[in-house]
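Participant: Below is the sequence, then the predicted model.
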Amino acid sequence: MSKKIAVFPGSFDPITLGHIDLVERSVDLFDEIIVAIGINSSKKGLYSLEKRLEWLDVVFKKYSNVRVAHFEGLTVNFCKEQKAGFLLRGLRNASDFDYEKTISQLNHIIGDGLETTFLISKPEYSHVSSTIVREIIKGGGDVSSFVPEFIAQEIEI
Ligand code: ADP
């Protein structure tokens, strides 16, 4: 049987406890998980690609089957390159579902059968998004409930 490889794509700007929970719950479901930052050239992130990758490295180094990467262009092309048959995504609410359903159906077609697997967010993380975290940071608020401790400390400095 071929290796079950999943790509977990996102902007991770910054990575949140919601993202981490999703990966932790998936490590036994796949042989390998590639947490990959998709670079959108028309959208400048709050944090640099290097910083986001550094944070992902620290967070996931304890998992032997989790790898960190980044890519430009279509997610399906990156999956093909990596020989990944699965995408991993999280669902927090009905708007996530509406958006993800369309993308998943498109990716199944243009990705030659690429399957998207969804995990429903834990209730304690369903209100957490990188977008909200960025807004709190810009407003000078405390994000220690939403991101790992070491990231919250780095952000505060
Ligand atoms: P966000 O949507 O938070 O700005 P990303 O674009 O990096 O962040 O999202 C990548 C993936 O992570 C998406 O599938 C998204 O649904 C999932 N995700 C983000 N936050 C959470 C959370 N709190 N719980 C579960 N899944 C999440």
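Facilitator: Ah, there it is.

Participant: quick one: residue 37 and residue 70 touch, right?
Facilitator: Yes: Residue 37 lies in contact with residue 70 (C-beta atoms under 8 Å); the separation is 4.2 Å. No exception for glycine: its C-beta is placed from N, CA and C like everyone else's.

Participant: Find residues that contact each of those two.
Facilitator: Common neighbours of residue 37 and residue 70 (criterion: C-beta atoms under 8 Å, 6 or more residues apart in numbering): 49, 53.

Participant: Scan the chain for its longest helix.
Facilitator: helix 94-110 (DSSP state H).

Participant: can you list contacts of that one?
Facilitator: Contacts for helix 94-110 (C-beta under 8 Å, 6+ apart): 74, 75, 76, 87, 89, 90, 91, 114, 115, 116, 118.

Participant: Next, format these as CSV and append pLDDT.
Facilitator: Shown next, in CSV, are the contacts of helix 94-110 (pLDDT from 0 to 100):
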residue, pLDDT
74, 96
75, 97
76, 98
87, 98
89, 98
90, 98
91, 98
114, 97
115, 98
116, 98
118, 98
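
Participant: between residue 37 and residue 70, which one's more packed in?
Facilitator: residue 37 (21 against 17; other C-beta atoms under 10 Å).

Participant: So the more buried one, which state does it fall into?
Facilitator: The three-state label given to residue 37 by DSSP: H, G, I helix; E, B strand; the rest coil is strand.

Participant: and it, what does it touch?
Facilitator: 9, 10, 11, 12, 49, 52, 53, 56, 69, 70, 71.

Participant: Quick check, pLDDT for it.
Facilitator: Per-residue pLDDT puts residue 37 at 98.

Participant: going forward, begin numbering at 426 instead of 1
Facilitator: Taking 426 as the first residue, the last one we looked at is residue 462.

Participant: Mind listing the residues bridging to it?
Facilitator: With DSSP bridges as the criterion, residue 462 is bridged to residue 435, residue 495.

Participant: so how far is the ligand from it?
Facilitator: Per C-beta to the nearest ligand atom, to the nearest Å, residue 462 is found 8 Å from the ligand.

Participant: same check, this time on residue 529
Facilitator: Distance from residue 529 to the ligand, by C-beta to the nearest ligand atom: 10 Å.

Participant: do residue 515 as well
Facilitator: Going from residue 515 to the ligand by C-beta to the nearest ligand atom gives 2 Å.

Participant: now, which of the contacts of residue 462 sits nearest the ligand?
Facilitator: Here the nearest of the contacts of residue 462 to the ligand, counting by C-beta to the nearest ligand atom, is residue 435; it sits at 2.6 Å.
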